[in-house]
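**Q** attaching a predicted model along with its sequence, questions to come.
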Amino acid sequence: MTTIDHADVVVVGARCAGSAAALTLAKAGRRVVAIDAARFPSDTLSTHLLWPSGLAEIERLGALDAVAAIGAPKLTHAMAAIAGYKVASRFPAVGEIDYAMCVRRTGLDAALLRTAIAAGVELRERCRVTDLLWDGERCAGVRYIDPDGAETELRAALVIGADGRRSTVARLAGVEEPFAQRPSGRDCYYAYWRDTRDDWRHIAAQWRSGSDLGTAFPCDDGLLLCLVQPAATGERAGAGAAEARYAAAIGNIPELVERLHGCTKVGRVRSATDIASYFRHSSGPGWALPGDAGHFKDPVTAQGIRDALRYGRLLGEAAAPVLDHPERLDRALRDWEQTRVRDCVDIYQWTNKLARGETISPLEHALYRAADTDPAISETVVAIFSRTVDPGSFYTPQRAGKLALRALWNARADPLPVLADIARTARDTVAELAEARDIRRRAHRRSPSPSRPAEPALTPSSPGDDHA
């Protein structure tokens, strides 16, 4: 028998985006059921650096004390060593928060969920969604299988698919194919190390050497997250190959080797290859996709958790007052989706540049050389990562012109590579402007209707049908 249950909102996926949306809706007095295939606490593939803006989102949700209690150190400084130059700065403050943290997902997700449950969210773990319910073209709930194999139809005014890059909700809603996508030029490998370098425990560090990029982020339990992103090979790496590529990439970055001196690797290397950044259509009648389900950026700029929290929260705030009014709800969902696109296009494109997996260009060389001697430039570059400065407001035509002149002067003995880089950058800028316009235009289009068999409209259940 199929059990029939009712809620105001069902959230599929109970990690960062799902917890933020569910918590916000529950605080507004709505009945929220969160469904997840995992049993918590549990880990997930993630580089989990939280910039000050990400921690500010956690504070808005009322979970900062619970996250801080996990024990990750406060990272007060950012440092990038590139081409022999350093970009170093304190983190810009977002409200009262002027530090970053690197919190492993097992503890982070559990802390967010505890906060959501305390707000009234009902969590159903180890449950697998098998279908969406429809009333005409409106999504009206989900069908799922519980751990005992029993089937439940959970009907709701809104289904939120916060179930990651391989989103079941996106597939069932017919929007799995992105409307904008950019493959990454980098693969991603990371592992944890027992950190013995107390002098580095307050620093989030990054290095680039040739086409290789490496980071070291101190995290909870005395560990260090060391991530490398070498140029992509186009091949999936098995366990042995991942370990080999990880060790080789570290070996290509002497400063990272020095940072790891005296540290001991703990556990296996984890990998993510064949990565692509994208935007999917993320709202339709009765459904929405926050987090990676709707929009994903390469991990090279570590923006995913912040955006999952922020746009999960904003989705909850937009939907809560209008859940009982379908037309107003649909408008609110469209507005929410378009807001995220507007906010994220610039950082999406800037991330894609850093994810090319190429050696440092002459213009990048000029930028980092300038940042090495000008603290204001260093502070601004760090602020872009923390989303307190927009990339477009920093890379103005005037600043680009100055960097080009510096690069030409530095390479005056052989200016041809610089001139080629200037020409390429100009072409890229024109292409990015066109891409940004296209992304915004496509986001305004109505999401395509999912391909599904015709089925009768849902009918109200009788009192005897409601078993949960």
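**A** Arrived safely, thanks for sending.
**Q** what residue is smack in the middle of the chain?
**A** G304 (1.3 Å; C-alpha atoms, centre = their mean).
**Q** for it, give me its contacts.
**A** Applying C-beta atoms under 8 Å, 6 or more residues apart in numbering, we find G304 in contact with 46, 291-292, 296-297. For the C-beta atoms, the positions are set from N, CA and C on the backbone; glycine is no exception.
**Q** low-confidence ranges in the stretch 351-468 of the chain?
**A** 446-468 (pLDDT under 70).
**Q** quick one: the helices in it, in order.
**A** Assigned by DSSP state H, counting those that start in this stretch, the stretch 351-468 of the chain shows helices spanning 362-373, 375-385, 391-394, 397-410, 416-444.
**Q** now what about the first one, what contacts it?
**A** With C-beta under 8 Å, 6+ apart as the contact definition, helix 362-373 has outside contacts at 80, 82-83, 85-87, 360, 377-378, 381, 400, 403-404, 406-407, 410-411, 417-418, 421-422, 425.
**Q** which residues in this protein form helices?
**A** 16-27, 52-61, 64-68, 105-118, 168-172, 239-251, 254-259, 304-319, 326-354, 362-373, 375-385, 391-394, 397-410, 416-444 (DSSP state H).
**Q** report the buried residues of the second one.
**A** It stands for helix 52-61. For helix 52-61, burial by neighbour count (16 or more other C-beta atoms under 10 Å) applies to 52-59, 61.
**Q** now, which of these sits nearest T273?
**A** Nearest to T273, judged by C-beta to C-beta, of these is G54 at 25.2 Å.
**Q** just give the nearest non-adjacent residue to the closest one, would you?
**A** Counting by C-beta to C-beta, 6 or more residues apart in numbering, G54 lies nearest to R306, which is 3.6 Å off, once chain neighbours are set aside.
**Q** go ahead and confirm the one you found touches P52.
**A** No - contact criterion C-beta atoms under 8 Å: R306 and P52 do not qualify, at 9.4 Å.
**Q** that older thread, the helices of the stretch 351-468 of the chain: which one's closest to S184?
**A** S184 lies closest to helix 416-444 among the helices of the stretch 351-468 of the chain, at 15.9 Å (C-beta to C-beta).
**Q** pull the distance from the closest one to the chain's centre.
**A** Relative to its parent chain, helix 416-444 has a centroid offset of 23 Å by C-alpha atoms, centre = their mean, to the nearest Å.
**Q** and for stretch 198-206?
**A** In terms of C-alpha atoms, centre = their mean, the centre of stretch 198-206 is set 23 Å apart from its chain centre.
**Q** kindly report the same for stretch 99-119.
**A** Worked out by C-alpha atoms, centre = their mean, stretch 99-119 lies 15 Å from the chain centre.
**Q** list the buried residues in it.
**A** Result for stretch 99-119 [16+ other C-beta under 10 Å]: buried residues 99-117, 119.
**Q** circling back to that earlier point, show me the contacts for the residue nearest to G54.
**A** Applying C-beta under 8 Å, 6+ apart, we find R306 in contact with 50-51, 53-54, 57, 387.
**Q** count of neighbours near the nearest residue to L49 once chain neighbours are set aside?
**A** Nearest non-adjacent residue to L49, counting by C-beta to C-beta, 6+ apart: A302, 4.2 Å away. For A302, the count of nearby residues is 26 (other C-beta atoms under 10 Å).
**Q** right, and A302 touches W51 too?
**A** Yes - contact criterion C-beta under 8 Å: A302 and W51 qualify, at 7.0 Å.
**Q** hey, what's in contact with both of these two?
**A** Common neighbours of A302 and W51 (C-beta under 8 Å, 6+ apart) are F385.
**Q** on that earlier part again, could you dump the helices of the chain to JSON lines with distance to V142?
**A** Listed next are these as JSON lines, based on distance: least, C-beta to C-beta, whole Å:
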{"stretch": "helix 16-27", "distance to V142": "13"}
{"stretch": "helix 52-61", "distance to V142": "24"}
{"stretch": "helix 64-68", "distance to V142": "28"}
{"stretch": "helix 105-118", "distance to V142": "18"}
{"stretch": "helix 168-172", "distance to V142": "8"}
{"stretch": "helix 239-251", "distance to V142": "35"}
{"stretch": "helix 254-259", "distance to V142": "45"}
{"stretch": "helix 304-319", "distance to V142": "16"}
{"stretch": "helix 326-354", "distance to V142": "17"}
{"stretch": "helix 362-373", "distance to V142": "46"}
{"stretch": "helix 375-385", "distance to V142": "36"}
{"stretch": "helix 391-394", "distance to V142": "38"}
{"stretch": "helix 397-410", "distance to V142": "49"}
{"stretch": "helix 416-444", "distance to V142": "25"}
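**Q** any low-confidence regions in this protein?
**A** Scanning the chain for pLDDT under 70 picks out 237, 239, 446-468.
**Q** can you list contacts of stretch 412-425?
**A** Contacts for stretch 412-425 (C-beta under 8 Å, 6+ apart): 361-363, 400, 404, 407-408, 411.
**Q** actually stretch 243-259, not the one I wrote
**A** Surrounding stretch 243-259, the residues in contact under the criterion C-beta under 8 Å, 6+ apart are 81, 187, 189-191, 197, 200, 205, 207-210, 212, 214, 216, 226, 228-230, 237, 260, 268-269, 271.
**Q** which of those are buried?
**A** By 16+ other C-beta under 10 Å, these give 81, 187, 189-191, 197, 200, 205, 207-209, 212, 214, 216, 226, 228-230, 237, 260, 269, 271 as buried.
**Q** mind listing what P52 touches?
**A** Under the criterion of C-beta under 8 Å, 6+ apart, the neighbours of P52 are 91-94, 97-100, 386, 388.
**Q** what about the strands in the stretch 1-150 of the chain?
**A** Along the stretch 1-150 of the chain, counting by DSSP state E, counting those that start in this stretch, strands occupy 2-6, 9-12, 32-35, 49-50, 77-82, 85-90, 101-102, 122-124, 128-135, 138-145.
**Q** buried deepest among these, which one?
**A** strand 9-12 (a mean of 31; mean count of other C-beta atoms under 10 Å).
**Q** run the chain-centre distance for stretch 260-271.
**A** With C-alpha atoms, centre = their mean, you get 24 Å for stretch 260-271.
**Q** what's the closest non-adjacent residue to L158?
**A** Leaving aside its chain neighbours, L158 sits nearest to V9 (4.7 Å; criterion: C-beta to C-beta, 6+ apart).
**Q** how close does the one you found get to V389?
**A** Distance, V9 to V389, using C-beta to C-beta, to the nearest Å: 35 Å.
**Q** now swap in V159 and tell me
**A** Look at V159 and V389: by C-beta to C-beta, they are 36 Å apart.
**Q** K265 against A191, yeah?
**A** Yes - counting by C-beta under 8 Å, K265 touches A191, with 5.5 Å between them.
**Q** for the residue nearest to P299 when sequence neighbours are not counted, grab phi and psi.
**A** Excluding the flanking residues, the one nearest P299 by C-beta to C-beta, 6+ apart is T47, at 4.9 Å. When quoted as degrees, to the nearest 10, the phi and psi of T47 stand at phi -90, psi -10.
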